[in-house]
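Asker: Show me the folded form of this:
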Amino acid sequence: MSSGVIGRKQTQITLPYKWKPRHYQKKLWKYLMNGGKRALCIWHRRSGKDECALHWTACAMFERVGTYWHMLPEASQARKAIWEAINPHTGKRRIDEAFPHELRETTRENEMFIRFVNGSTWQVIGSDNFDSLVGSPPVGMVASEWALSDPKSWAYLRPILAENGGWVLFVTTPRGKNHCYKMLEAVKDDPDWFTEVLTVDETMAIPRATVERELKELRAEYGDEHGLAMFRQEYYSSFEAAVIGSYYGDLMENALQEGRITRIPVVPGAPVYTAWDIGYGDSTAIWFCQMVGREPRIIDYYENSGKGLEHYVTEINKRDFNYAQHFLPHDAGHGSMRTGKSMDEQMIDMGMNKKLLTVMDRTDVEAGIAQVRTFLPQVWFDVERAKRGVDCLKAYQRKWDEKKKAFANVPLHNWASDGADAFRYLAVAMADVRPSVAKKTTTPYHLQNTSEQGWMA
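Answerer: Numbers count the residues shown, from 1 in each chain. Sure, this is the predicted structure:
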């Protein structure tokens, strides 16, 4: 359970350093010590998830020299949550307890980066900036608060860790039936994975009186309904509660229950509309909506970051769709400081049809969200091609105002925002488009569940 190493002053350090796993952490620890490489731990709040993960990483770094990451949902929260986090029982930084200074060669506070005497490195990152880091890819990674992180990060890193024989440890509490829930359902019976869901009753890590006080305080802060949902989520690892503060969680759950998230065929000749959110520092997101009569069907979704405008024009041209209109956000009409041309003018120069480009007027965000809630109950989504977009809509939520102890009337800006913003533009645009398209459509296409092959037109 420990690994002996020698520091720069020839002082022997035993890892994990002055720490032992709690009784309920021992199953995970044994799995990792025996060479396990994939673990998903859904443990309740204050169960020592990150502490356990830090000490395991310390051991792993001196067993294999390489790059190691501790990933939080956002880089902006990583410093407070991990780098500067204090153990209330000792008054020391948790990273100093897990990674003794004697084992370090360099500590770069600004970058939240440590280089160790054996050549291994460790860094705290965000799921929103992992692909911007330079240097060698990780051979070991902790994905903390995975249910709140960008699921795209695992899709990107999975082949890297598979190729280099690396390991990953996901630690989190639930946030509704999102990508974390889907991962649990997909791997819980896989012999190559360790999965565990622990409640406060199973660990007994928190005194009963404290747990009861937490419930009382959460109800006081969030109201009875939300407070109880958060309590079950945080302390009983429940997936049943919808994402707290979600704008569209209930409507997306309805779409799933009604069978509107399924395989959607592309109807040849039926008009396709795109709606864009063009990212400057963020991702660019594009929805592809085919109108069949009055029925809007999301047949594709595309998102990427760090790419020039020409990349997205190429993606549009790759798809053999009958494009009727491309709806661009209001700022696409602003001139570029570098070229003097607006986004739509640049797209025309790249060969796009001027008549198919519409720069939308600036609209009120709240009014747009209300329009989405009207639009969503009629929309069908392709379960594969629009998967990322569906995840964005599920995760889009209000920002929590800690001072007022209430949800603000503004969205939380996170990985889901770009896709949700683009869908808002789509909903606003289609409110005007749908009636006219319905009048022009003479061939009635309807989705019907015909066989095991799924929904067909």
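Asker: Where does pLDDT dip in this structure?
Answerer: 1-11, 134, 242, 281, 335-339, 402, 404-405, 434-457 (pLDDT under 70).
Asker: How is it divided into domains?
Answerer: Listed domain ranges for the chain are 3-203, 208-244, 251-456 (source: automatic domain parsing).
Asker: Tell me which other helices or strands the helix or strand harbouring Met183 touches.
Answerer: Using DSSP states H and E, the element containing Met183 is helix 179-187. Packing contacts for helix 179-187, counted by 3 or more CB pairs under 8 Å, 6 or more residues apart in numbering; DSSP states H and E, involve strand 38-43, strand 167-172, strand 194-198. Every C-beta, even on glycine, is put in place using the N, C-alpha and C of the backbone.
Asker: Identify the spatial nearest neighbour of Phe113, chain neighbours not counted.
Answerer: Nearest non-adjacent residue to Phe113, counting by CB to CB, 6 or more residues apart in numbering: Gln123, 4.6 Å away.
Asker: Give me the number of neighbouring residues for the one you found.
Answerer: Counted with other CB atoms under 10 Å, the neighbours of Gln123 add up to 20.
Asker: For it, which three-state class applies?
Answerer: strand (DSSP: H, G, I helix; E, B strand; the rest coil).
Asker: hey, what's it bridged with?
Answerer: Trp69, Phe113 (DSSP bridges).
Asker: check contacts around it.
Answerer: With contact set as CB atoms under 8 Å, 6 or more residues apart in numbering, Gln123 has these partners: Thr67, Tyr68, Trp69, His70, Glu111, Met112, Phe113, Ile114, Leu133.
Asker: Can you tell me how far it is from Met230?
Answerer: 31 Å (CB to CB, to the nearest Å).
Asker: same question, Ile95
Answerer: In terms of CB to CB, Ile95 sits 28 Å off from Met230.
Asker: ok, now Ser144?
Answerer: From Ser144 over to Met230 the distance is 19 Å, taken as CB to CB.
Asker: Go ahead and name everything in contact with the helix holding Met183.
Answerer: With CB under 8 Å, 6+ apart, helix 179-187 has contacts from 38, 40, 42, 146-147, 151, 170, 172, 174, 193, 195, 197, 239, 391.
Asker: Return the closest of the residues you listed with respect to Pro411.
Answerer: Asp391 (15.6 Å; CB to CB).
Asker: what separates stretch 109-125 from the chain centre, distance-wise?
Answerer: 24 Å (CA atoms, centre = their mean, to the nearest Å).
Asker: Okay, buried residues for that stretch please.
Answerer: For stretch 109-125, the neighbour count (16 or more other CB atoms under 10 Å) marks Met112, Phe113, Ile114, Phe116, Val117, Ser120, Thr121, Trp122, Gln123, Val124, Ile125 as buried.
Asker: list the buried ones in the top helix by length along the chain?
Answerer: Longest helix in the chain, counting residues (DSSP state H): helix 417-440. By neighbour count with 16+ other CB under 10 Å, helix 417-440 contains the buried residues 417-430, 433-434, 437.
Asker: how about the helices of the stretch 301-450 of the chain, start to end?
Answerer: Taking DSSP state H, counting those that start in this stretch as the criterion, the stretch 301-450 of the chain contains helices spanning 309-318, 343-349, 365-375, 387-395, 417-440.
Asker: Against Gly249, how distant is the residue positioned nearest the centre of the chain?
Answerer: The centroid of the chain falls nearest to Asp150 when counting by CA atoms, centre = their mean (2.1 Å). Distance, Asp150 to Gly249, by CB to CB: 18 Å.
Asker: Need phi/psi at Pro265.
Answerer: phi -70, psi 150 (degrees, to the nearest 10).
Asker: meant to ask about Phe62, not that
Answerer: According to degrees, to the nearest 10, Phe62 has phi -100, psi 0.
Asker: tilt between the helix or strand hosting Trp29 and strand 38-43?
Answerer: Assessed by DSSP H and E, Trp29 sits inside helix 26-33. On the basis of axes from the mean of the first three to the mean of the last three CA atoms, to 10 degrees, helix 26-33 is oriented at 160 degrees to strand 38-43.
Asker: just checking, what packs against helix 26-33?
Answerer: Using 3+ CB pairs under 8 Å, 6+ apart, helix 26-33 sits against strand 38-43, helix 49-61, strand 194-198.
Asker: between the ones you listed, which one is nearest to Glu295?
Answerer: strand 38-43 (37.8 Å).
Asker: Can you show me the helices along the stretch 1-150 of the chain?
Answerer: So, for the stretch 1-150 of the chain - with DSSP H, counting those that start in this stretch - the helices run 26-33, 49-61, 75-78, 94-98.
Asker: Nearest to Ser342 among those helices would be which one?
Answerer: Among these, helix 75-78 sits nearest to Ser342 (CB to CB), with 30.7 Å.
Asker: on that earlier part again, the residue nearest to the centre of the chain and Val390: what is the separation?
Answerer: Asp150 is 14 Å from Val390, by CB to CB.
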